[in-house]
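# sequence plus predicted model, see below.
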Amino acid sequence: MTQPDVTVIIGAYEAMPYLVKCLESVENQTLDAARIEVIAVDDGSTDGTGEYLEKFAERAAMAVTVIRQPNSGGPSGPRNVGLGKARGRYVFFLDADDYFGPEALERMVAMADEQATDVVLGKVVGVNRTAPKSMWGKTRPRTDVFSSNIKFTLSAQKLFRRELLTRHGMQFDESLQTGEDALFTMEAYLRADGVSVIADYECYYLVGRDDGKHVTKSGGYTLRFDSARALMGLIAEHVPAGPRRDALMIRPLLITLLPQFGPGFLKQSEKVRRHRLELAKPMLDAYWHEGVASRLKVHERLRLHLVAQGRGDLLVDVLEFIKAKKAPEVLLESRGRKAFLAYPHFRDPSAGIPDSWYVPTTRETVTIEGFKPRTTRFSRLRRVARRVLGARRAA
């Protein structure tokens, strides 16, 4: 039997009616049907998902295997089952809620073959939900996790060279109830001999379910801490301490951990607040330092610093300031060579927060009084500051 180019693995649970469009998008691929294998795993659905998959297998032009099993409790089990049965040179994990652009598989397989890369990211578009955007600026035939923004898209919906996965015995961690795909994808990035990014064609449509049952919307807050802890541990295992590790640590800190200390923290009971701080402390003790902090905006850096210090009382003040959508005052010193964003507790002796935590980075957007255009680059900020100070002295 001829080996297919790509195995599309579909884990499906209570997927109707979204599954209909999902499977239509597989049938409508411009890649020849003989080059595609589908392995669909019905994870104990009761809404007709399994029956619809079986009907699809009967009519589809490509090879389709349907596996029906009791509910496993998450997406990792079905994906691992599908991966164990896959024969394709590449595998793609397609969620049953989502769908492909017609040329998606053809373009991704061609890119992987031409560039000999182990992972291919096809542009993702959100439908009734947001989708990652920062990595789609331009097509990158060959890059890596350190030279691009791909660390900010760690969902499993990528094309993976199956030989890479089998060589390293890679599977999804079934002990994690959320973030299991982030762990899998980051490991693939770190082990890959090159990653390709297709930014000029909409390959994948990420669908937000009307019933709110999408996996990323469910689960208690402790699961997010489990996910952050696992991802930080993986990064530390594969990347020695230094700037490259710091650059990757931004992902779990900024995307997974920091939202646990956003304005929603203000609504929590004192017991829950203390628990969140306790869960975060070991991770921050291990991985939080100035090399990481310097890459964040002031309000991000300040919040994580206060969490690391266990200062929930001061954190509340910062969060109330952010929730009120106040803009911090920009303080200029040393003839415009220094600027600070005066968020709460700036130079408060009782707080003891170093001035350096309030220095804007190149990611900041600030406004200096008397100069309307907003600037994000600190070098330009200093030039603007000198002009403003000069005008004030002249007045």
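That came through fine.

# for the rest of this, base every contact and every neighbour count on C-alpha atoms.
OK.

# show me the domain layout of this protein.
Domain assignment for the chain, taken from automatic domain parsing, gives 6-217, 220-326, 327-395.

# grab the nearest non-local neighbour of residue 163.
residue 89 (7.2 Å; Cα to Cα, 6 or more residues apart in numbering).

# please disregard the earlier target; I meant residue 202.
residue 123 (5.0 Å).

# repeat that for residue 318.
That would be residue 344: by Cα to Cα, 6+ apart, it lies 5.7 Å from residue 318.

# in TSV, list the domains of the chain along with mean neighbour count.
Converted to TSV, these look like this (neighbours: other Cα atoms under 10 Å):
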stretch	mean neighbour count
domain 6-217	19
domain 220-326	17
domain 327-395	15
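
# let's have these in TSV, adding mean pLDDT.
Below are those laid out as TSV (pLDDT from 0 to 100):
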stretch	mean pLDDT
domain 6-217	95
domain 220-326	96
domain 327-395	71
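
# residues contacting residue 155?
181-182, 185 (Cα atoms under 8 Å, 6 or more residues apart in numbering).

# in TSV, list these along with distance to residue 29 and secondary structure.
As requested, those are exported to TSV (distance: Cα to Cα, whole Å; DSSP: H, G, I helix; E, B strand; the rest coil):
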residue	distance to residue 29	secondary structure
181	25	helix
182	27	helix
185	24	helix
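
# what about the strands in the stretch 151-300 of the chain?
Using DSSP state E, counting those that start in this stretch, the strands of the stretch 151-300 of the chain run over 159-161, 195-207.

# tell me what the shortest one is packed against?
When contacts are defined as 3 or more Cα pairs under 8 Å, 6 or more residues apart in numbering; DSSP states H and E, strand 159-161 sits against strand 90-93, strand 119-127.

# what lies in contact with the next helix or strand after the longest one?
Secondary structure here is assigned by DSSP states H and E; on that basis, the next helix or strand after strand 119-127 toward the C-terminus is strand 140-143. Strand 140-143 is contacted by residues 111, 115, 117, 194-199 when judged by Cα under 8 Å, 6+ apart.

# ok, back up a step: rebuild the contacts of residue 155 as CSV, extending it with distance to residue 300.
Listed next are those as CSV, based on distance: Cα to Cα, whole Å:
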residue, distance to residue 300
181, 25
182, 21
185, 25
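
# nearest to residue 330 among these?
Distance to residue 330 across the contacts of residue 155 (Cα to Cα) is lowest for residue 182, with 37.1 Å.

# what are the contacting residues of the host helix or strand of residue 11?
Per DSSP H and E, residue 11 falls inside strand 6-12. With Cα under 8 Å, 6+ apart as the test, strand 6-12 has contacts from 35-43, 45, 49, 75, 78-79, 82-83, 86-96, 105, 109.

# next step: those restricted to strands.
36-43, 90-93 (DSSP state E).

# before we move on, the earlier item: same list (the contacts of strand 140-143) but as TSV, adding distance to residue 10.
Listed next are those as TSV, based on distance: Cα to Cα, whole Å:
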residue	distance to residue 10
111	22
115	26
117	23
194	25
195	23
196	22
197	22
198	22
199	24
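
# which of those lies closest to residue 230?
Among the contacts of strand 140-143, and counting by Cα to Cα, the member closest to residue 230 is residue 195, at 22.6 Å.

# can you tell me how far that closest one is from residue 66?
Noted for residue 195: a distance of 30 Å to residue 66, by Cα to Cα, to the nearest Å.

# mind listing the helices for the chain?
Counting by DSSP state H, the segments of the chain that form helices are 18-27, 49-59, 76-85, 104-115, 162-167, 180-191, 221-238, 243-251, 270-287, 290-293, 298-308, 312-323, 378-394.

# TSV for the helices and strands packed on strand 159-161, including distance to residue 340?
Listed next are the helices and strands packed on strand 159-161 as TSV, based on distance: least, Cα to Cα, whole Å:
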stretch	distance to residue 340
strand 90-93	46
strand 119-127	37
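
# can you tell me what sits against stretch 247-256?
Stretch 247-256 has contacts (Cα under 8 Å, 6+ apart) with 146, 151-152, 224-225, 227-228, 231-232, 235, 287, 292, 295, 300.

# format the CA atom coordinates belonging to it as CSV.
Extracted C-alpha coordinates of stretch 247-256, given in CSV (Å, rounded to 0.1, in the frame of the first residue of the first chain):
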residue,chain,number,x,y,z
ALA,A,247,13.0,34.7,25.3
LEU,A,248,11.0,31.4,25.4
MET,A,249,10.0,31.9,29.1
ILE,A,250,8.0,34.9,28.0
ARG,A,251,5.4,32.6,26.5
PRO,A,252,4.2,30.8,29.6
LEU,A,253,4.7,33.9,31.8
LEU,A,254,2.8,36.2,29.5
ILE,A,255,0.1,34.0,28.0
THR,A,256,-0.6,31.4,30.7
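
# off-centre distance for it?
Chain-centre distance of stretch 247-256: 9 Å, with Cα atoms, centre = their mean, to the nearest Å.

# surely residue 120 and residue 199 touch.
No. In this structure, residue 120 is not within contact of residue 199 by Cα atoms under 8 Å, at 10.8 Å.

# I'd like to know how far the residue nearest to residue 202 sits from residue 109.
14 Å.

# contacting residues for residue 226?
residue 176.

# kindly recompute the last result at 10 Å.
Neighbour list for residue 226: 175-180, 256-257, 279 [criterion: Cα atoms under 10 Å, 6 or more residues apart in numbering].

# re earlier: what's the closest of the helices of the chain to residue 128?
Evaluated with Cα to Cα, those place helix 18-27 nearest to residue 128, the distance being 12.9 Å.

# helices and strands around that closest one, which ones?
Here helix 18-27 touches strand 6-12, strand 36-43, helix 49-59, strand 99-100, helix 104-115, strand 195-207, going by 3 or more Cα pairs under 10 Å, 6 or more residues apart in numbering; DSSP states H and E.

# could you rerun that using 6 Å?
Applying 3 or more Cα pairs under 6 Å, 6 or more residues apart in numbering; DSSP states H and E, one finds that helix 18-27 contacts strand 99-100.
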